[in-house]
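> Kindly return the folded structure for what I paste below:
(one chain, ligands or ions: 1)
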Amino acid sequence: MHSPETLRFVKGHGTQNDFVILPDPDGRLDLSPELVAAICDRRAGVGADGVLRVVPAKLCPEVAGQAGEAEWFMDYRNADGSVAEMCGNGVRVFARYLVEAGLAAPGELGVATRAGVRRVRLGATGDVTVDMGLPRVFGTSRAVVAGREYPGVCVDVGNPHLACLTDEPVGGIDLTRPPSFDPAVFPQGVNVELLNRAGGRRVAMRVYERGSGETRSCGTGTVAAAVAAARAAGETTGAWTVEVPGGEVRVTLEEHTAFLTGPAVLVAEGEIHAAALVA
Ligand SMILES: N[C@@H](CCC[C@H](N)C(=O)O)C(=O)O
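Numbering: from 1, shown residues only. As a prediction, this is how the structure comes out:
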């Protein structure tokens, strides 16, 4: 492992959930939590909701078992430097990067994640679809947001979510501070979604992400939101549109899996002066 003075990066986003992409073809990058947090700082760093390290799966013991199905590992980190299992917007942006960098061909490819291999479909341009696997509901719980309690559905989308359907318009809810939740239900923390029905199979969602705070979109969160909305409608399958502050995505719930479709855009590239970020 080494701590280089400069790091090449690409910046991308999916419905304004934004990421700094760090290519690490040799698997030698020492990505400390402090460096990740400094890169994601929106005033003193590049600014992002998270970091996507692009590293060959075979070089990473934690996912080396996936290397037969996925050449590249999406090593996802939250803005506070913590590690997460999965990122639904991130994996689409990651695949878009692989194609634009010439590391993968358009079509279908596997990406290794801490939650297992995710199959992604994309063309040379346009929306990207990822097979998110079967979301698992594991009960109900509550979150307290700005002094108010919201009941919700606990959903495992590779990472933990509490999706809370409410009649209170989500646009007016104060999400500046972290929600509180039951640590016995969510020992590793949780991403909290607040959602309103918006007519038909359409919901409006805001999210407070574990490790990143309020973001303008969360792909795994939109899947959890669709699951919660479908349950409330007495359904388990169907195609849902989820409106988020940064745009909208489609979630298709099937009997054995769920697909997430939405944009993935690369917007910048450059060089990070790592030594200036972390003393
Ligand atoms: N924004 C992501 C989720 C990122 C991880 C999350 N904050 C966690 O800690 O589980 C997405 O698009 O799914």
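> what does the stretch 151-279 of the chain put close to the ligand?
By CB under 6 Å from any ligand atom, the residues of the stretch 151-279 of the chain that approach the ligand are 159, 191, 209-212, 215, 218-221. Placement of C-beta: from N, CA and C, glycine included.
> go again using 8 Å as the cut-off
Contacts of the stretch 151-279 of the chain with the ligand, taken as CB under 8 Å from any ligand atom, map to 157, 159-161, 189, 191, 207, 209-212, 215, 217-222.
> Can you tell me which of the residues you listed end up in strands?
Members of those lying in strands (criterion: DSSP state E): 160-161, 191, 207, 209, 215.
> Identify the residue nearest Q188 in space, chain neighbours excluded?
Spatial nearest neighbour of Q188, excluding adjacent residues (CB to CB, 6 or more residues apart in numbering): P160 at 6.3 Å.
> who's that neighbour bridged to?
D156 (DSSP bridges).
> Return the residues in contact with it.
Shown in contact with P160 (CB atoms under 8 Å, 6 or more residues apart in numbering): 154, 186, 188-191, 210.
> just to revisit the earlier point, list just the nearest of the ones in strands among the residues of the stretch 151-279 of the chain next to the ligand to the ligand.
E209 (3.7 Å; CB to the nearest ligand atom).
> any idea how far the closest residue to V83 other than its chain neighbours lies from the ligand?
Of all residues not flanking V83 in the chain, R77 sits nearest, at 6.0 Å (CB to CB, 6+ apart). As judged by CB to the nearest ligand atom, to the nearest Å, R77 and the ligand stand 9 Å apart.
> Sticking with R77, tell me its helix or strand.
Per DSSP states H and E, R77 falls inside strand 72-78.
> Run the chain-centre distance for that strand.
10 Å (CA atoms, centre = their mean, to the nearest Å).
> Check which helices and strands that strand is in contact with.
With contacts defined as 3 or more CB pairs under 8 Å, 6 or more residues apart in numbering; DSSP states H and E, strand 72-78 has these neighbours: helix 33-40, strand 50-56, helix 88-100, strand 107-112.
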